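Asker: My questions concern the predicted model and sequence given below.
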Amino acid sequence: MVHPDFSREDEALALGHGCVCGVDEAGRGPWAGPVVAAAVVLDRHHIPAGLNDSKKLTEARRALLFDAITASAQVGVGIVSAAEIDTLNILQATFRTMERAVSALPLPPRFALIDGNRAPKLSCPCRTVIAGDSLSLSIAAASIIAKVTRDRIMTEMEQLYPGYGFAAHKGYGTAAHSAALARLGPCAEHRRSFKPIAALLASADGDAR
């Protein structure tokens, strides 16, 4: 089984790139809510045990690691709202939230490791790493920060928009979410540029005529 390590960070450091951050996002696919990115610069002497891709961890384990990361590392978070996603498109919104996360770090990084195969325009050099959250400890840490931050936002959103089940499905396209949309229609946090929401709005518009 593959586990993330610090080898990619070490390679960048060996090339003279001090202060290497890992960057990852959460929430590209959901029908509702923001997309969130995190940038993390780990202290190699105080790396929390058990860092891994957030998708491979339980909710309880992610919460514990979230606290451990924020206590020992430099962390920046970027958020792009559903309205901004509709304006930009999801790819450009993802790039923007990554840019915001890197800009939010306490100290500017000298190099960034980006999860995936496409990178935003940053103020520092960067390298993309496919499946980076399973390979790089810094990206794994960023995946945890982004995931927990977004999940907490969606849980709070349940209080503002009751009935949609945001606390349970976090805005993803589940059967329960689809049923709630059919019953209640979209709320302000739904991404109107996404096909299921756009189709629902078009249908409602047609019925109103």
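Answerer: Structure received. Numbering: from 1, shown residues only.
Asker: which element follows the helix of greatest length in the chain toward the C-terminus?
Answerer: In the chain, taking DSSP state H as the definition, the longest helix is helix 137-160. Sequence-wise, the next helix or strand downstream of helix 137-160 (DSSP states H and E) is helix 166-169.
Asker: Could you chop this structure up by domain?
Answerer: 7-156, 160-208 (automatic domain parsing).
Asker: would JSON lines of those with mean neighbour count be doable?
Answerer: C-beta coordinates here come from the backbone N, C-alpha and C atoms, glycine included. Shown next, in JSON lines, are the domains of the chain (neighbours: other C-beta atoms under 10 Å):
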{"stretch": "domain 7-156", "mean neighbour count": "20"}
{"stretch": "domain 160-208", "mean neighbour count": "15"}
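Asker: show me where pLDDT drops low in the protein?
Answerer: Across the chain, the ranges flagged by pLDDT under 70 are 1, 205-209.
Asker: Quick check: the closest residue to Gly18 other than its chain neighbours vs Leu51, distance?
Answerer: Nearest non-adjacent residue to Gly18, counting by C-beta to C-beta, 6 or more residues apart in numbering: Arg110, 5.0 Å away. As judged by C-beta to C-beta, to the nearest Å, Arg110 and Leu51 stand 21 Å apart.
Asker: And Ser72, by the same measure?
Answerer: In this view, Ser72 and Leu51 are 11 Å apart by C-beta to C-beta.
Asker: repeat for Ala141
Answerer: Relative to Leu51, Ala141 is positioned 6 Å away (C-beta to C-beta).
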